[in-house]
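S.K.: with the sequence up front, the predicted model follows.
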Amino acid sequence: MQRRLGFWVAMGWAALLLLPWHFATRSIVNDAALVQGVTGGAAWLLPLVLPLLAALAATLSPDRQGRPRAGWLIAAGAGGLGWLILQSLLFAQPGLGLGAALYAVTALVLCAHGLALRGWCKGDVFIVSAIGLVLGSILVFVGYPVIRILLSAVQDNNGNLMVAGLFGKLTDTSVWGLGCVTGSGSVCGVAWNTLALATVVGLLTTATGLAFALIAVRTGFRFKTALRLVSILPVITPPFVIGLAIILLFGRAGVVTDLMSTLFDIPRSRWIYGMPGVALAQVLAFTPIAFLVLVGVLQGVSPTLEEASQTLRATPWVTFRTVTLPLIRPGLANAFLISFIESLADFGNPLVLGGNFDVLSTKIFFAVVGAAQDQGRAAVLAIILLSFTLSAFLAQRLWLGRRSYTTVSGKGDAGLASPLPSGVRWVATAVAALWTVVTVLVYGTILVGGFVKSLGRDNTPTLIHYQTAFGVEHGANGWWFSGSAWDSLFTTLGVSLVAMPLTAALGLLTAYLLVRQNFIGRGAFEFITMLSFAIPGTVIGVSYILAFNTPPIELTGTGLILIIAFVFRNMPVGIRAGIATLSQIDKSLDEASLTLGARSFTTLRRVILPLLRPAIVTAMVYAFVRAITSVSAVIFLVTAKYNLATAYIVGRAEVGEYGLAIAYSSVLIAIMVLALLTIQLLVGERRLGRRAAAPSADSSVSPDSPASKVNA
Amino acid sequence: MTHHPTAVPSGTPAPASAIRRPAVEFRAVTKRYGSFTAVTDVSFAIETGTLVTLLGPSGCGKTTTLRMIAGLEQTSTGQILIGGEDVTTRSAAERDVSMVFQSYALFPHMSILDNVAYGLVVGGMAKRPAEEAARAKLELVGLAGLEKRLPSELSGGQQQRVAVARAIVLEPRVLLFDEPLSNLDAKMRRRVREDIRQLQQSLKLTVVYVTHDQEEALAVSDRIIVMAGGTIAQDGAPRDLYERPASRFIADFIGDANIVPAALAGRDGALGRIAVGAASLALPHRGVADGPVELAVRPHAIRLAEPDEPGGVPGRILYAAYLGDHMEYEVGVSLAGRDITLFARSADVDSPRAIGDAVSVGFAPQGVTVIPG
């Protein structure tokens, strides 16, 4: 332990002597904290030396058992971290940089050493440090921005405190007005719009998802593999692309509108812009999510119960109505709430299809980027949106989490599910068919739209959109990327590739801590990480602008803030993948490694990570894909220098360049399909290898052996 | 901080005074999970080179105790010493102990050789000498030639031996076994427990062994610590526990004793005159007061004779079962004004008694003991 402590003390000195303390500065040595402290008049940086000296003393003068002094280390770490935060608030200076970041990590680890010596987390330094680092980073990059939103809601644009105005802002008629119902005013408040849209979308999506789930689970549908394709669609489709395609289909000059007008003389209109269009796009986009939830629930309904109902003389319809439906009611509520949250958080579709129909997410966006530039108003709207999603999320977790009638027990359940009543079957088929037709139309449009001049208006085939976006020319300096989309594509791929391993690592580490470690405050830790699932991207975006635009942490306008936004927004993907896989790996494997003298870090590296490989691949690819499709959070954070593909596409769509936007979208989809196929290939191979080894395992391994648990 | 246990300062030849130190010592250890107390104020010391079993029904705290020795659980209060050194706040990796898990916990992605060499490699030993040492231990447990296999390609018994090899390759100060036989079939159990005992004796290992099976505990142990409800119910050699149970619980848990009411009628040195109904026995009185006492009567100590036999307790056969080499009976008797069902085992299979037969019940003093307290 002495040696590792020495390493961290050395890191602390490096942070103070060799790295720039502030972010904006480039020169390495001159901006180091100690140099600034001695020569630059920043004397307040000098006390940062004291914790390092204290840690050194704790190591060099050990206690009676020959171990470093825990109390000194805890004091050193806490003191260092405390003064770092305090000085950044007290003294005007540029945003903190690499040196400060390393110093903060060092202080955390020193403190963790002390706590581990006191017996925290079974005396495991790595675990204490990891908990500290994960919690600290979540607090800095999720907690602190959210707190800044809450603060700026009670401030005016100049930063003066205005608590009195808060109530007025929160209950403003533009937010809560009921003009459209009472007939007294023009439009309804944006909060009502948002809730109404989310409710409608939640209901329709659940119904459509149920139709698909019934077909998949309860009929002899022959193309069940096709249904798996359906579940991949939302993963690879940027959220606004369906909206774009709907404009091209049902807009004033859309293909379908055109057809209706020439065939049936139905007048062209802009009906699609507004709630109908947004709702349609969202139902198309979110149905697969509801489908996945409900398939699981339907499969969990024990056929024996339905058989029991039938032997008691109930007809298929009565059985469906009195047994099946009540059993899946919690599942239906769950699917509704998930679609409800997705609709609340959706930004891309309302932006391209909303017209005069405002929802909270777009209102927030225009409050920040629009002419008014009212960040306080954006903050108030963000708080309202956040309270909606958090309430729905909490309802889903706390209320539904424990209400499930469909527990799959280990007992064999040999019954046959009762056939669907024919009426239900016809309705389900009709709903599913309608959804499929529209979806095929939408993806067909995305595919074709980029290859014609202007779909609907002028259907001449052309490559002009691809040329504009992805042109490559031969000039004086050799080949160069002349297309307008290259910059944003390269930035997107670069940022996504950097964010990918970080997201996976942080997510899996968090999952490991949640599943494998027991520590004080684990429940609260879990709750905080889960809460970050529920923060809409728009809120994250606004909060990042508010939090990271000024010192002590000044990151706006850099590529780094995009990476950070992706990492903390997509971390839940890694957590989910990690939790799912880790709970299949017997805990005694970790313990065996520990008792054999491997520390938890070695155990993680040599035992857990090799067994987690499928989860790592999944987490990485999903982190990558979600980074590419993300728009709501980053649209606030992009700059001319660091533009992202999705922000670029939304920009093109806003000025009506649908051909270009669609062409670019289809390129993104192609990239993501490629990424998904790669993982399918990698993970699929692993599975084959396992199956080959299975027969001997089946015959000789007792059911409790670790090998069979991992393979299960 | 070193990884390899042999390099830990305490692992080097100890001064003469240290040799008498117990390998493991618990000082008033308590373990709480929230409001639930799993282990309450437990103290014991385990001598080097002995095999000590923690025995008890499920939920008695024996596995928690074992895991606290390993460092997989932290104590709530109290101290744990290993080799005289206070390790209470040390992590599992910093303690000079190894463990054989109930599920064996072999790493499924590593070959047998890699599994056994793991502890040495993560401790900083070079790959080649580590593999040599692992090979030697695999040979010791009779698995030479299987080095390249994966754990999933071995039988349950073989996996168990790999787990043992992996644990002893580190030559730990204390070797822990957590119900090592529970995943084996009945025949394998007998063989493997003999192997474990033989290995422990030949390598002079200090072993702490957890089981809920009293027969297994009697067969392998130098000493047994019986736990109940998070405390130590009795601590002693197998023969002590069986022949001189300290309480009703021990008498019942070890060897299925019948608890029979009797009376101490008088003393004659260490012996007491015990009256069981009409029967009279001379047994060590174990310091109990005159008057009513309880006896622990082993099933094989109950003798069934014809009802006219004098000096017996009249009874009636309530149940009889033929088990090949012996008969099992339930006999109803009336003692101290209560109706009691005795469980009896008889080697006489040739003239079995039928349900409803009247008998005279006698007691063989070798299988009867007074329960103190």
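M.R.: Nice, thanks for sending it over. Numbering: from 1, shown residues only, chains lettered A, B, ... in the order given.
S.K.: burial count for A:Gly41?
M.R.: 8 (other CB atoms under 10 Å in any protein chain shown). Every C-beta, even on glycine, is put in place using the N, C-alpha and C of the backbone.
S.K.: host element of residue 294?
M.R.: With no chain named, the answer covers chain A. Element membership of A:Leu294 [criterion: DSSP states H and E] is helix A:275-300.
S.K.: ah, no, chain B please
M.R.: Using DSSP H and E, the element containing B:Glu294 is strand B:291-297.
S.K.: list the contacts of that strand.
M.R.: Under the criterion CB atoms under 8 Å, 6 or more residues apart in numbering or on different chains, residues B:245, B:248, B:251-252, B:257-264, B:274, B:276, B:283, B:336, B:342, B:363, B:367-371 lie in contact with strand B:291-297.
S.K.: would you mark the buried spots in that strand?
M.R.: When burial is assessed from 16 or more other CB atoms under 10 Å in any protein chain shown, strand B:291-297 yields the following buried residues: B:293-297.
S.K.: looking at those residues, spot the one nearest chain A.
M.R.: Nearest to chain A among the buried residues of strand B:291-297 is B:Ala296, at 35.3 Å by CB to the nearest CB.
S.K.: partners of the closest one in the sheet?
M.R.: Bridge pairing for B:Ala296 (DSSP bridges) gives the partners B:Ile259, B:Thr369.
S.K.: gap between it and A:Ala367?
M.R.: In this view, B:Ala296 and A:Ala367 are 83 Å apart by CB to CB, to the nearest Å.
S.K.: cool, A:Arg576 as well?
M.R.: In terms of CB to CB, A:Arg576 sits 32 Å off from A:Ala367.
S.K.: and what of A:Ala78?
M.R.: Distance, A:Ala78 to A:Ala367, using CB to CB: 40 Å.
S.K.: likewise A:Asn459?
M.R.: From A:Asn459 across to A:Ala367, the span is 39 Å (CB to CB).
S.K.: now B:Glu216
M.R.: Using CB to CB, B:Glu216 is found at 73 Å from A:Ala367.
S.K.: give the contact list for A:Leu98.
M.R.: So A:Leu98 contacts A:19-20, A:23 (CB under 8 Å, 6+ apart).
S.K.: B:Asp252 sits in which helix or strand?
M.R.: Using DSSP H and E, B:Asp252 maps to helix B:248-253.
S.K.: quick one: list the elements packing against that helix.
M.R.: Counting contacts by 3 or more CB pairs under 8 Å, 6 or more residues apart in numbering or on different chains; DSSP states H and E, helix B:248-253 packs against strand B:223-228, strand B:231-236, strand B:258-268, strand B:291-297, strand B:368-371.
S.K.: number of nearby residues for the residue nearest to A:Phe320 when sequence neighbours are not counted?
M.R.: Once flanking residues are discounted, A:Phe320 sits nearest to A:Pro421: 5.3 Å by CB to CB, 6 or more residues apart in numbering or on different chains. Here the number of neighbours of A:Pro421 (other CB under 10 Å) works out to 17.
S.K.: ends of stretch B:241-254, what's the gap?
M.R.: 7 Å (CA to CA, to the nearest Å).
S.K.: run the chain-centre distance for it.
M.R.: 13 Å (CA atoms, centre = their mean, to the nearest Å).
S.K.: try stretch A:435-452
M.R.: That offset, for stretch A:435-452, works out to 27 Å (CA atoms, centre = their mean).
S.K.: which outside residues touch it?
M.R.: A:208, A:211-212, A:233, A:241-242, A:244-246, A:248-249, A:255-256, A:280, A:283-284, A:287, A:455, A:458-463, A:465-466, A:658-659, A:662-666, A:669.
S.K.: and the residues you listed, which of them are in helices?
M.R.: A:208, A:211-212, A:233, A:241-242, A:244-246, A:248-249, A:255-256, A:280, A:283-284, A:287, A:465-466, A:658-659, A:662-666, A:669 (DSSP state H).
S.K.: domain boundaries for chain B, per the record?
M.R.: Chain B breaks down into these domains under automatic domain parsing: B:5-96+B:172-243, B:256-371.
S.K.: quick one: buried residues of the one helix or strand A:Ser387 maps to?
M.R.: A:Ser387 is located in helix A:375-394, with elements delineated by DSSP H and E. Across helix A:375-394, burial judged by 16+ other CB under 10 Å covers A:375-386, A:388-389, A:392-393.
S.K.: and if you look at stretch A:243-259?
M.R.: Using 16+ other CB under 10 Å as the test for burial, stretch A:243-259 gives A:243-258.
S.K.: that one: end-to-end distance?
M.R.: 20 Å.
S.K.: now do the helices in the stretch 501-650 of chain A.
M.R.: Under the criterion DSSP state H, counting those that start in this stretch, helices of the stretch 501-650 of chain A are mapped to A:522-531, A:537-548, A:559-582, A:587-595, A:600-603, A:609-611, A:613-629, A:645-654.
S.K.: give me whichever of the ones you listed is most buried.
M.R.: Comparing the helices of the stretch 501-650 of chain A by mean neighbour count (mean count of other CB atoms under 10 Å in any protein chain shown), helix A:537-548 ranks first with a mean of 27.
S.K.: which residues outside that one are in contact with it?
M.R.: With contacts defined as CB under 8 Å, 6+ apart, helix A:537-548 is touched by A:144-146, A:148-149, A:152, A:345, A:347, A:360-361, A:364-365, A:368, A:375, A:378-379, A:382, A:385-386, A:553-556, A:561, A:564-565, A:568-569, A:630-637.
S.K.: before we move on, the earlier item: name the nearest of the buried residues of helix A:375-394 relative to B:Gly356.
M.R.: Nearest to B:Gly356 out of those is A:Phe393 (CB to CB; 70.1 Å).
S.K.: so what's the closest one closest to, chain neighbours aside?
M.R.: Here the residue nearest A:Phe393, using CB to CB, 6+ apart, is A:Ala534, at 3.6 Å.
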